[in-house]
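S.K.: the sequence and its predicted three-dimensional model are supplied below.
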Amino acid sequence: MWPATLLRMRVLICPDKFAGTLSAPEVAAAVAEGWRTVTPGDDLLLRPLADGGPGFVAVLAEALGGRRLPVPTVDPLGRPAAGEILLTDDGVAYLESAQACGLHLLSAAERDPKATTSYGLGLLVAAAVEAGARTVVIGLGGSATNDGGAGMLVPLGVTALDAGDRALPYGGAALAGVATLDGVPRLRGVTLVAATDVDNPLLGLHGASSVFGPQKGADRADVLLLDAALERWADVLVERLPGCPPGLGALPGGGAAGGLGAAVLALGGRCESGIGLVTRAVGLDAALDATDLVITGEGSFDHQSLRGKVVAGVAGAARDRGVPCVVLAGRVSTGRREAAAAGVTEAYSLVEHFGGEERGGVAAAMERPADGLRALGARLAGQWSR
Ligand SMILES: O=C(O)[C@H](O)CO
């Protein structure tokens, strides 16, 4: 007979948050709890993840240590909001755009990307510069804004002006009238890095307005208006900011968080994959090398998931090692073949677990996500570990 230790399955549980219901650590804990009810002896390693969107700073603080400085800021409508900066010993500050620009900060009725602003993120960046950071890494994703970072630039010393040299109102729609910029960026030589949750460009069919505008409250007419406004904004940035790369509207990551990625590029910074940065910080590669099964997940597993989000990053890394990867999600709308190509072995949804859309599965998935995840965790243990 095999020694008991050799029969233990090693399972890596590394989900993203389920937006609107559970944080990533809560998701991981619920799945693990369910698994343990069936095979308590297995080795479960919990590594909650983030991709640049909500939870970015908390996950990195857990992995990297450092000082967390509370910084008061404002939400996309200018109301007070709680922000924070994670400062590590090597002079790097980590910020999360969602703390100031997050969709979760607004009610459904308040969502209007024509009016929402990234000004509050500018306050956080300015505070990080003031705190003496040499590099500022900004997690991008989960935003309610589509202003190409115009609001963010204001606390950094740069204001968008119309043809009459008047400061533009905040919000994505006003950028249709941008003519020039006033001021120079006050960054004191700091290097800016955008850790993006998607690699979409700023403009066009795959751009910020078309792909993410609707979830922020934009209708078809708004999307066209916002895309045209961002095109004008990109032209002005290229013309007026010396460090801005040409072809800004088409660069990967520029469309993250309503064009905040493009603003970082325009300030001479760079975009990199948020999930790549987080997985390095939490040591995911080493964990993957020593696991038999990976369980990841997110609120909605859809076509956006495969464009740089947590699930895509984990599934791709698992596939490269030949490790099976199971996705648990509130809702699954990705096709089987598409998911398999991304490295996903199986995907299960809470909505289906709770009986499907017709039988109240959506409401149950929102109301009792942890119960559902515990049940799915137990089901996976039964399937994979026994
Ligand atoms: O914030 C957004 O617009 C999406 O998460 C894509 O970055």
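M.R.: Yes, it's here.
S.K.: quick one: contacts of stretch 14-22?
M.R.: 23-24, 27-28, 30-31, 46-51, 53-55, 104, 142, 282, 284, 287, 294-300, 309-311, 314, 328-330, 366, 369-370, 373 (CB atoms under 8 Å, 6 or more residues apart in numbering). C-beta: built from backbone N, CA, C; applies to glycine.
S.K.: contacts only, for Ala32.
M.R.: Counting by CB under 8 Å, 6+ apart, Ala32 touches Ile13, Leu44, Leu46, Gly377.
S.K.: what does Pro70 give?
M.R.: Shown in contact with Pro70 (CB under 8 Å, 6+ apart): Ala82, Gly83, Glu84.
S.K.: in the stretch 1-150 of the chain, which residue sits closest to the ligand?
M.R.: Ser143 (3.4 Å; CB to the nearest ligand atom).
S.K.: quick check: that residue vs Ala340, distance?
M.R.: Separation of Ser143 from Ala340 (CB to CB, to the nearest Å) stands at 30 Å.
S.K.: so which of these two has more stuff around it?
M.R.: The residue with more neighbours, out of Ser143 and Ala340, is Ser143; 32 against 15, by other CB atoms under 10 Å.
S.K.: might one say that that one is in contact with Ala98?
M.R.: Yes. At 6.4 Å, Ser143 counts as touching Ala98 under the criterion of CB atoms under 8 Å.
S.K.: please pick the buried ones from the contacts of Pro70.
M.R.: Among these, those classed as buried by 16 or more other CB atoms under 10 Å are Gly83, Glu84.
S.K.: just put the contacts of Pro70 in JSON lines and tack on distance to the ligand, pLDDT and secondary structure.
M.R.: As requested, the contacts of Pro70 are exported to JSON lines (distance: CB to the nearest ligand atom, whole Å; pLDDT from 0 to 100; DSSP: H, G, I helix; E, B strand; the rest coil):
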{"residue": "Ala82", "distance to the ligand": "19", "pLDDT": "97", "secondary structure": "strand"}
{"residue": "Gly83", "distance to the ligand": "16", "pLDDT": "98", "secondary structure": "strand"}
{"residue": "Glu84", "distance to the ligand": "19", "pLDDT": "97", "secondary structure": "strand"}
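S.K.: make TSV from the contacts of Pro70 and add distance to Ala221 to it.
M.R.: Output for the contacts of Pro70, formatted as TSV (distance: CB to CB, whole Å):
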residue	distance to Ala221
Ala82	34
Gly83	33
Glu84	37
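S.K.: quick check: phi and psi on the most centrally placed residue in the chain?
M.R.: Centroid-nearest residue in the chain: Gly53, 2.5 Å away (criterion: CA atoms, centre = their mean). Main-chain dihedrals, Gly53, degrees, to the nearest 10: phi -80, psi -160.
S.K.: out of everything not next to it in sequence, what's closest to it?
M.R.: Nearest non-adjacent residue to Gly53, counting by CB to CB, 6 or more residues apart in numbering: Gly141, 3.0 Å away.
S.K.: returning to that earlier point: so what's the residue nearest to the centre of the chain up against?
M.R.: Going by CB under 8 Å, 6+ apart, Gly53 touches Asp16, Lys17, Ala19, Glu96, Ala98, Gly139, Leu140, Gly141, Gly142, Asp197, Gly274.
S.K.: which of the residues you listed sits closest to Ala61?
M.R.: Nearest to Ala61 among these is Glu96, at 10.5 Å by CB to CB.
S.K.: go ahead and confirm Thr37 touches Arg379.
M.R.: No. Applying CB under 8 Å, one finds Thr37 not in contact with Arg379, separated by 10.5 Å.
S.K.: okay, the two: which has more neighbours?
M.R.: Ranked by neighbour count (other CB under 10 Å), Thr37 and Arg379 place Arg379 first, with 16 against 13.
S.K.: where along the stretch 151-300 of the chain do the helices fall?
M.R.: Secondary structure of the stretch 151-300 of the chain (DSSP state H, counting those that start in this stretch): helices at 208-212, 220-240, 260-266, 274-282, 284-289.
S.K.: write out the residues of this protein neighbouring the ligand.
M.R.: Within the chain, the positions adjacent to the ligand are Gly53, Leu140, Gly141, Gly142, Ser143, Asp197, Val198, Phe212, Ala256, Ala257, Gly258 by CB under 6 Å from any ligand atom.
S.K.: go again with 8 Å.
M.R.: 52-53, 97-98, 101, 103, 140-146, 196-198, 200, 208, 211-212, 215-216, 255-258, 260-261, 304 (CB under 8 Å from any ligand atom).
S.K.: quick check: which ranges of the protein have low pLDDT?
M.R.: Scanning the chain with the threshold set as pLDDT under 70 gives 1-6, 307-308, 386.
S.K.: and it, what are its domain boundaries?
M.R.: Using the TED database, the domain parsing of the chain gives 10-47+283-384, 56-275.
S.K.: what's the most buried one of those domains?
M.R.: Compared across the domains of the chain, domain 56-275 shows the largest average neighbour count, a mean of 21 (mean count of other CB atoms under 10 Å).
S.K.: between its first and last residues, how far does it reach?
M.R.: One end of domain 56-275 sits 9 Å from the other (CA to CA, to the nearest Å).
S.K.: can you offset everything so residue one is 857?
M.R.: Sounds good: first residue 857 from here, last item domain 912-1131.
S.K.: that one: how far from the chain's middle?
M.R.: Its chain's C-alpha centre and that of domain 912-1131 lie 13 Å apart, by CA atoms, centre = their mean, to the nearest Å.
S.K.: also stretch 1188-1208?
M.R.: Centroid separation between stretch 1188-1208 and its chain, computed with CA atoms, centre = their mean, is 20 Å.
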